[in-house]
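In: need a structure here:
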Amino acid sequence: MAVDVDVWDRAAAELAMRGIDLQGLYDAPDAVVVDSGRQGHGKLLYAMPFGMALPSKKFMDSDPSGKRYNYLDLRCSTHEALTVQDVLPPSIHPDTLQPYRWAGMGHWTRLPQIPQSLLAFWVASMERQEPQQADVPSTADWEEIRSALAYISPDVSREEWVKVGMALHHLGTETGQETYAAQLWDQWSQESGKYPGSRDMATQWRSFRSDKSTKVRIGSLYRMASENGWSRPVPDASSFFTAASEITEPVQLTNELRPPPPELDLDLVPAILRRRADEIARGVGCDPMVPLFAGLATVSGALDARTRLQLKPGFKVPPVLWVMTIGDPADKKSPGSRPMFSVLNKLEEEDRPRYRQALQVFEALQARHEAAKKAFLDAAKDPEQMLAGEMPEGYGDAPVEPRPLKIVVQDITSQKLVRHAADQPRGLLCHLDEMHSWAEKVTDPRSGEARSAWTQAYESERYEMDRVGAGTISADNYAVSIYGNIQPHVFSDVVKSMSSDGLLQRFIPIVLRHGHTRKGSPIPEALTNIAEFEQMVRVVFGLPAMTYALSPEAAAEFDRFQDWYETQRKDERLLRSGPVFLTAFGKLEGMLGRLALIWHVMENPYSLHVSGDVMRRCADLIRSFIVPAMRYTYDSDLGGVSGFDQWMADHIIQHADATEISLAEIKSSARRRLDKVNQWTATEMILGSMHPLEKAGWVARMDDGSEINRGRAQWAINPALREMFSHHRAEVIAAKQRQMDNIYRLSTKEKPTVHGYERTGTTGD
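Out: Numbering: from 1, shown residues only. The predicted structure is shown next:
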């Protein structure tokens with residue numbers, strides 16, 4: 001069957017009344033969509049239940065002029081149970097002259113079955129007459145109709161007189177008040193000298209029909225009255241809303257717009273790392289997640305990457321981790337993460353005397369080697385030696401040039417990364433303070449970056465890179481841990497391109513919580529555990545490369561995790577989770593081992609067996625935090641909310657002193673946010689953002705949607721908002737005014753004032 005949408009807003013409204021989210025159908029992971037390229041139009045394809053076929057159903061409406069239009073089709077068969085046909089890609093659309101194309105995340109060879117809610121709606125529509133668009137509520141405002149009739153002379157032409165009667169007949173029939181409507185028409189007609197009498201009036205009334213071809217709606221009566229000077233009274237905005245106690249609070253609404261990021265149980269984390277992260281978070285004023293996972297990356301970079309943890313026979317994992325914090329520019333990601341890496345920089349600095357001494361020894365050995373080589377060649381050319389057939393002794397292998405200790409790399413190319421790794425078999429830590437440029441490089445085929453070189457760095461195995469100019473670079477243990485900071489909009493832009501080969505899914509995504517960013521309160525270093533943390537990192541750095549094993553308790557915990565993993569993996573596939581999330585989910589067993597290895601060396605570095613407690617806590621971390629974080633980022637596009645949704649909520653709060661707001665007014669206020677989209681897309685964004693506000697009881701749609709194609713829509717603003725959320729409203733207005741003042745701080749002109757702000761001083765500062 002096909003769901004053919006011809007007028008998006010009208011179709012979405014019709015389905016929404018039946019509890020069906022049209023946009024949700026389009027966004028489903030298995031949705032098969034036919035795109036014609038026409039805005040407001042679309043087509044969804046579904047498989048019907050086995051052996052079932054329903055007759056096609058058209059849903060019709062009328063525009064303000066009375067012209068009929070089709071806004072939604074459910075197509076499957078004819079009423080005679082014959083088949084119907086539909087146009088599919090790559091056929092050419094007759095209007096756009098462009099080919100239809102496939103869209104959606106599903107595939108036409110695997111049609112999903114029609115949702116039960118949609119099927120039930122279809123069946124129900126077969127059992128009732130076509131729903132009619134009512135111009136007034138079913139409880140008609142007869143006083144309003146009387147006021148409109150007062151502006152229409154009963155001495156109009158017969159055609160218009162009949163039209164008034166038909167409009168009243170249609171409304172009376174629809175509301176079950178036909179007798180009252182007939183009396184109203186008769187009373188109005190009696191004021192004319194053409195009044196035909198009650199018997200003829202009754203005969204004329206009985207002749208009216210409400211079929212498609214002859215019915216006239218009450219809108220025609222209103223239009224006639226408007227042409228004679230009548231205007232429809234403005235409704236009381238408070239009548240649109242429920243009781244104040246049913247209005248959604250701003251914080252609750254924000255959580256509904258964007259579900260909060262998952263919370264981490266800090267008791268699971270090694271105590272020494274937890275304490276140091278909390279100190280930096282309080283001192284800087286950032287989310288503790290930033291220093292916490294930066295510290296985890298620090299230990300990963302300090303530990304010799306040739307170390308392994310054997311989880312099962314033949315299944316060993318290295319201590320390589322990739323961590324990515326996702327937060328806005330003001331979330332203090334850089335100041336919160338840099339202090340954790342300082343100990344690694346100190347280790348590099350402390351190695352410089354050793355390197356200088358080793359370099360001097362190398363230069364002496366190299367000079368000796370060159371002299372021996374020269375003596376050997378000279379002896380080989382001596383005629384007496386040649387006649388005697390003797391060869392002089394060799395001059396030995398050349399000395400290996402020492403390399404300075406390198407633990408942390410930053411802005412680096414893949415070729416340089418492999419070269420560093422060849423010199424540093426113990427591994428590297430790549431610190432990407434801002435991942436934007438790095439993400440652009442690895443996703444741009446013109447950049448020359450070897451993307452596979454980055455992907456292989458996660459595995460900690462032997463790697464060779466062949467280049468025409470540089471030759472072959474061999475790294476015996478190519479291991480690179482990564483810690484990076486990225487902004488949400490950058491993440492959204494690159495998530496598709498970076499996930500195609502699993503590069504992105506190797507990262508542990510850490511979504512920062514805005515409520516934890518605040519003013520910092522620095523703590524004197526003497527009162528912190530910085531020395532304890534740095535000593536722990538130094539101990540980890542000094543450990544030799546070795547293979548750790550699981551204790552019997554840890555092995556049992558790992559088995560239990562694998563049982564959970566297999567059950568959960570089947571559920572995720574059954575529920576058709578997104579491919580990006582599923583790819584990330586598939587790496588959880590190895591990730592558990594990597595985390596357990598790093599936590600073990602932090603807590604008990606000299607034991608060769610990982611404890612059951614460490615394995616249990618790491619498994620709990622993955623189940624309770626990492627998997628929800630992956631789902632939050634990879635399977636729902638950071639919660640499925642845009643900054644525009646939040647802006648709209650704040651905008652309505654700011655304008656809560658008004659009784660209503662129009663689509664045009666919103667577009668004017670949001671012009672900077674909508675400057676890169678066309679008018680139709682802007683309208684769709686606004687309607688989509690207003691929908692949750694309507695559900696929350698903040699606004700109510702006043703128009704019937706018939707003029708949305710002309711860019712006209714109107715909402716009533718709940719008058720209770722201003723008083724109920726006065727504190728939140730004041731905060732929003734003050735924040736916007738401070739932002740405006742900062743923009744115009746150097747301007748000599750009078751600073752503009754945002755809506756609702758009342759200046760108390762002369763400077764506005």
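In: C-alpha from now on. contacts and neighbour counts both.
Out: Will do.
In: and the pLDDT at Asp650?
Out: Asp650 is assigned a predicted lDDT (pLDDT) of 79.
In: oops, could you answer that again for Ser245 instead?
Out: 44.
In: and Gly229, by the same measure?
Out: pLDDT, Gly229: 86.
In: what about the closest residue to it other than its chain neighbours, how many residues nearby?
Out: Spatial nearest neighbour of Gly229, excluding adjacent residues (C-alpha to C-alpha, 6 or more residues apart in numbering): Tyr151 at 7.1 Å. If you count neighbours by other C-alpha atoms under 10 Å, Tyr151 ends up with 17.
In: what does His651 give?
Out: His651: 18 neighbours (other C-alpha under 10 Å).
In: what's the answer for Gly520, then?
Out: Residues contacting Gly520 under the criterion other C-alpha under 10 Å number 13.
In: look up the closest residue to it, ignoring the ones flanking it.
Out: Per C-alpha to C-alpha, 6+ apart, closest to Gly520 is Gly285, 3.8 Å.
In: contacting residues for the one you found?
Out: Counting by C-alpha atoms under 8 Å, 6 or more residues apart in numbering, Gly285 touches 332, 516-521.
In: and those, which are buried?
Out: Buried members of the contacts of Gly285, scored by 16 or more other C-alpha atoms under 10 Å, are 332, 517-518.
In: out of these, flag the one nearest to Met498.
Out: Minimum distance to Met498 across those is 24.8 Å, recorded for Lys332 (C-alpha to C-alpha).
In: wait, isn't the closest one in contact with Arg518?
Out: No - the criterion here is C-alpha atoms under 8 Å, and Lys332 misses it with Arg518 at 9.2 Å.
In: what touches both of the two?
Out: Both Lys332 and Arg518 are contacted by 285-286, under the criterion C-alpha under 8 Å, 6+ apart.
In: and the strands in the stretch 201-350 of the chain, which stretches?
Out: All strands of the stretch 201-350 of the chain, identified by DSSP state E, counting those that start in this stretch, fall at 308-312, 315-317, 322-326.
In: domain ranges for the chain?
Out: Split into domains by automatic domain parsing, the chain comes to 2-126, 142-233, 269-351+404-540+547-634, 353-388, 641-765.
In: for the longest one, how far is the first residue from the last?
Out: End-to-end distance for domain 269-351+404-540+547-634: 24 Å, by C-alpha to C-alpha, to the nearest Å.
In: repeat for stretch 267-275
Out: OK, stretch 267-275 end separation, C-alpha to C-alpha: 11 Å.
In: quick one: the strands in the stretch 351-500 of the chain?
Out: Counting by DSSP E, counting those that start in this stretch, the strands of the stretch 351-500 of the chain are 408-409, 428-432, 461-467, 471-478, 480-486.
In: tell me the most buried of the ones you listed?
Out: Compared across the strands of the stretch 351-500 of the chain, strand 480-486 shows the largest average neighbour count, a mean of 26 (mean count of other C-alpha atoms under 10 Å).
In: can you get me a residue count around Glu665?
Out: Neighbours of Glu665 (other C-alpha under 10 Å): 12.
In: so which of the domains of the chain comes closest to Gly396?
Out: domain 353-388 (7.6 Å).
In: pLDDT of that closest one, averaged?
Out: Across domain 353-388, the average pLDDT comes to 86.
In: residue ranges with poor pLDDT in the stretch 651-765 of the chain?
Out: 676, 704-706, 724-725, 728-729, 736, 739-740, 742-749, 751, 759-765 (pLDDT under 70).
In: just the helices in it please.
Out: For the stretch 651-765 of the chain, helices defined by DSSP state H, counting those that start in this stretch occupy the ranges 663-669, 679-695, 721-724, 726-743.
In: distance to Gly165 added to the ones you listed, as CSV?
Out: Below are the helices of the stretch 651-765 of the chain laid out as CSV (distance: least, C-alpha to C-alpha, whole Å):
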stretch, distance to Gly165
helix 663-669, 35
helix 679-695, 36
helix 721-724, 43
helix 726-743, 50
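In: just name the shakiest helix or strand of the protein by mean pLDDT.
Out: helix 250-257 (a mean of 54; mean pLDDT, DSSP states H and E).
In: deepest in the core, which of the strands of the stretch 201-350 of the chain is it.
Out: strand 322-326 (a mean of 23).
In: direction included, what does that one pair up with?
Out: Take DSSP bridges as the rule and strand 322-326 pairs in its sheet with strand 480-486 (parallel), strand 507-511 (parallel).
In: adding mean pLDDT and distance to Pro262, write those out as TSV.
Out: Shown next, in TSV, are these (pLDDT from 0 to 100; distance: least, C-alpha to C-alpha, whole Å):
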stretch	mean pLDDT	distance to Pro262
strand 480-486	95	18
strand 507-511	93	8
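In: what about stretch 655-669, start to end distance?
Out: Calculated as C-alpha to C-alpha, the first-to-last residue distance of stretch 655-669 is 11 Å.
In: which residues are contacting it?
Out: Contacts for stretch 655-669 (C-alpha under 8 Å, 6+ apart): 237, 674, 682-683, 686, 711-719, 721-722, 755-756.
In: of these, buried ones?
Out: Taking 16+ other C-alpha under 10 Å as the criterion, what is buried in the contacts of stretch 655-669 is 237, 674, 682-683, 686, 713-719, 721-722, 756.
In: please identify which of those is nearest to Leu303.
Out: Closest to Leu303, out of all of the buried ones among the contacts of stretch 655-669 and judged by C-alpha to C-alpha, is Leu674, at 48.9 Å.
In: once you drop chain neighbours, what's closest to the closest one?
Out: Per C-alpha to C-alpha, 6+ apart, closest to Leu674 is Ala682, 6.2 Å.
In: that neighbour and His514: what is the separation?
Out: In terms of C-alpha to C-alpha, Ala682 sits 27 Å off from His514.
In: would you mark the buried spots in the top helix by length along the chain?
Out: Counting residues, the longest helix in the chain under DSSP state H turns out to be helix 352-380. Residues of helix 352-380 classed as buried: 358-359, 362, 365-366, 369, 372-373, 375-376, 379-380 (neighbour count, 16+ other C-alpha under 10 Å).
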